[in-house]
Structures are given as C-alpha cells and as structure tokens.
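Enquirer: Here is a sequence together with a model predicted from it:
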Amino acid sequence: MIMFFSTLLVIVGWILTHFLNRKNDRQQKQRELRTKYFIETYNRLNRIRTYQSVLELDESLDLLMQCIYDTELFGSKHQIKLARELGKDLETGTGKLPSLNELLNDIRNSLRVDIGLEEEPENAYYFVLPKKNSNA
C-alpha cells in the first residue's frame, strides 16, 4: 500500500513538474518574442523620428506602419493606445510627423523591465546628426 502511494506521488509530481515547466517555457518564449519585436520596433521608430515630415518618410512609411502593427500585437494597453493615436495623427494628413517620444519612452521602459533593468523616468536622449548636403 505504501509502495502504491509512493508511486502515485511520484507520478503526480512528475505530471505537475512537466506542466509547470511547459508553462514556464511558453512564457519565456513569449517574452523573448516580445522583446525581439520591441527592440526592432524601438530601433525603427528612432530612425523614423529623425524625419521632419511624412513626405520625407517615403519608403520608411511602411516601416512606421509595421511598428504600429507590431505594437498593437505585442504592446500593453497603453502602448496600443499610443500607437493608435499615432496612426490617427498620420491619417489626418497634416504632413507633419507626429511626436514619437511618448511611445518610444514607453517601449524603452518595457524593454528595460523585460531584461531586468530599472525603468528610466527621464525622457530618452535622442540626437540627430545633421544630414550631409548632397549638393555640395
């Protein structure tokens, strides 16, 4: 009888451990995928942020749209809200590129937390080197 309960306990323990490991593995994969996409999105948005108008974006407009889509897929509720506002601002057609700073800062802080760093309360420092004059 003791042998039966011991065996049953081992089997239940094995099943429980297997279930918890599977759940952990799935969460880890989701975190890795989310981190990968957000690093790409963060870098794209930083490049796009250097443009002054939507007209300058040209081929980068597809990248901006992809950033919005990726944020809607992997982002928090607040990030999704910011991405949608960005999309709506672009749809109005004013020609001016809306500010990406709030979305960039939010994504940056999410990434920092995901990789075990503290959030940065300050706005990120973004610098832009002057473009070379192609006429010179």
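Expert: Thanks, I have the structure now.
Enquirer: Could you list the low-pLDDT ranges of this structure?
Expert: Low-confidence segments of the chain, defined by pLDDT under 70: 52-59, 93-95, 126, 128-136.
Enquirer: for it, longest helix please?
Expert: The single longest helix within the chain, with elements called by DSSP state H, is helix 2-48.
Enquirer: Quick check: Ala83 vs Glu102, distance?
Expert: 10 Å (Cβ to Cβ, to the nearest Å). C-beta here means a position set from N, CA and C on the backbone, and glycine is covered the same way.
Enquirer: okay, those two: which has more neighbours?
Expert: Applying other Cβ atoms under 10 Å to Ala83 and Glu102 shows that Ala83 carries more neighbours, namely 23 against 15.
Enquirer: Nearest the geometric middle of the protein, what residue?
Expert: Phe38 (2.7 Å; Cα atoms, centre = their mean).
Enquirer: didn't that residue look like it was pressed against Ser76?
Expert: No. Phe38 is beyond contact range of Ser76, at 10.6 Å (criterion: Cβ atoms under 8 Å).
Enquirer: Quickly list what's touching both of the two.
Expert: Ser110 (Cβ atoms under 8 Å, 6 or more residues apart in numbering).
Enquirer: how far does the longest helix of the chain sit from the chain's center?
Expert: Helix 2-48 has its C-alpha centroid displaced from the chain centroid by 19 Å (Cα atoms, centre = their mean, to the nearest Å).
Enquirer: The closest residue to Cys67 other than its chain neighbours and Arg108, how far apart?
Expert: Setting aside the residues directly before and after it, Cys67 is nearest to Thr41 in space (Cβ to Cβ, 6 or more residues apart in numbering), at 4.8 Å. From Thr41 across to Arg108, the span is 11 Å (Cβ to Cβ).
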